[in-house]
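Visitor: Give me coordinates for this.
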Amino acid sequence: MEIVGIDVGFGYTKAYNGKNSVIFKSLMGDATNIQFRSFLGDDSSTSNLHITLDGKSYFLGSYAELQSNIREFTLDQKKLIEDFVKIFAIAAAGICVDKPGPIHVVSGLPVGYLKRDTKKFKKMIKGSHEITFHNRDGEDVTKKVTIDKIHIIPQPIGSIFNLIFDEHGIIKNKDLATQKLGVVDIGFKTTDFSIFDHLQYIERGSTTMDTGISKCFSIIANKLRQESNINIELYRMFKVIESGMIKIRGKDYNISNLKKRVYAHAASAIAADLNRLWENDWDIDSIILSGGGSVELSKYLTPNIEGNVISIGKNFDARFNNVQGYCKFGRYKWGSKFLPDNQEEKQNKIIVDDKPGNKNINLAKNDLKNVEKTSQKISWLKRQS
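Guide: Prediction:
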């Protein structure tokens, strides 16, 4: 039995089980008949993602972008839950999990949709699902993905859990766990603003706004359409934004300066929303920037934020920040069943060498008390099913 963190976003779907990580664009298309298959190029597990689920075949991610005649992509939360979540989540879990047997899943939703969509999300993916992966060498692999338990948490708190827990779900950063933290989670469609005081969720300072990175993509795509008369789909903008260049009908377009202006404007708008929303929360210790959009916007956003800002390092893929936190929290919640040998008794505890003359004993006992207090603070999350 394994614990898997799953994050079905508007831009990308991610999964992580502590060992394997999976990421592909949240894009699906019809499974066309490929007449010739090249064995050159990208051979990752998601580069040729062709599945059959519930009797229907799909191309997913970049494979759908390249090969499908009809491609489906959404920025509508209701449609994402009803039409996309099951397909993307089961596919991601099927790739991520090595061993057969039931799995426990932790996932998250934007705070603005948490109450409305939690039951729907659970209903979509809970239970047993048979999924077939059609590999490009012609071999079909059928897996039974059984999701036994699902725990849904506010999406931004995954970023905090990724910082405070180690891989075994043991609290490693006690200082951060006892602070009042603000999280700015910049996703593809939405930006979540959330406050956690000693890991207690503060409703008053938390909201979801439609100020994700897709708005920047839309502005740049519209400008390109005006100049080239070509409408570029948003899911095709990722590489364009990354390189700063695009070739349309043989003509090169440099968008580097336009991207800087658009990102600076978006960052200013997000910072204005943040400073207004948290005007009375002047006692926030640190503000964590998270989400895939934070990598591009952080250098524009940080100077406009009043407070101590923690940015995700450039050597880390910020798109995995939440989903890794989900997995770590899952090990905190269900850890005694899943920790490696000799780790169970250490979970959320500090082993104190209680020998006479040990100068560190008082400090260790204080640390133990702090960890126990912190564990009590997040018991509201651990108790939920």
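Visitor: Below-threshold pLDDT in the stretch 1-150 of the chain: ranges please.
Guide: By pLDDT under 70, the low-scoring segments of the stretch 1-150 of the chain are 34-46.
Visitor: can you map out the helices along it?
Guide: Taking DSSP state H, counting those that start in this stretch, the helices of the stretch 1-150 of the chain run over residues 62-67, 77-79, 85-96, 114-125.
Visitor: any idea how the protein splits into domains?
Guide: Per automatic domain parsing, the domain ranges recorded for the chain read 2-154, 182-318.
Visitor: Where is the longest helix in the protein?
Guide: Taking DSSP state H as the criterion, the chain has its longest helix at helix 256-277.
Visitor: Compute the inter-axis angle for the helix or strand just after it and helix 256-277.
Guide: Moving toward the C-terminus from helix 256-277, the first helix or strand encountered (DSSP states H and E) is strand 286-290. Between the axes of strand 286-290 and helix 256-277, defined by axes from the mean of the first three to the mean of the last three CA atoms, to 10 degrees, the angle is 140 degrees.
Visitor: Just checking: what are the partner strands of strand 286-290?
Guide: Strand 286-290 pairs in its sheet with strand 180-186 (parallel), strand 309-310 (parallel), by DSSP bridges.
Visitor: Report the rounded mean pLDDT for it.
Guide: For strand 286-290, mean pLDDT is 93.
Visitor: got the contact list for that strand?
Guide: If you take CB atoms under 8 Å, 6 or more residues apart in numbering as the criterion, strand 286-290 is touched by 156, 159-160, 163, 176, 179, 181-186, 274, 297-298, 301-302, 305, 307-312, 318, 321-322. C-betas here are computed from N, CA, C, even on glycine.
Visitor: Tell me which of the helices of the stretch 1-150 of the chain approaches Val141 most closely.
Guide: helix 85-96 (8.9 Å; CB to CB).
Visitor: With only the CA atoms kept, save the closest one in PDB.
Guide: The C-alpha coordinates for helix 85-96 follow below in PDB (Å, rounded to 0.1, in the frame of the first residue of the first chain):
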ATOM      1  CA  VAL A  85     -10.000  14.900 -13.000                       C
ATOM      2  CA  LYS A  86     -10.700  11.200 -13.100                       C
ATOM      3  CA  ILE A  87      -8.800  10.600 -16.300                       C
ATOM      4  CA  PHE A  88      -5.800  12.600 -15.300                       C
ATOM      5  CA  ALA A  89      -5.600  11.500 -11.700                       C
ATOM      6  CA  ILE A  90      -5.900   7.700 -12.500                       C
ATOM      7  CA  ALA A  91      -3.400   8.000 -15.300                       C
ATOM      8  CA  ALA A  92      -0.900   9.800 -13.000                       C
ATOM      9  CA  ALA A  93      -1.400   7.400 -10.200                       C
ATOM     10  CA  GLY A  94      -1.000   4.400 -12.500                       C
ATOM     11  CA  ILE A  95       2.400   5.700 -13.800                       C
ATOM     12  CA  CYS A  96       3.600   6.700 -10.300                       C
END
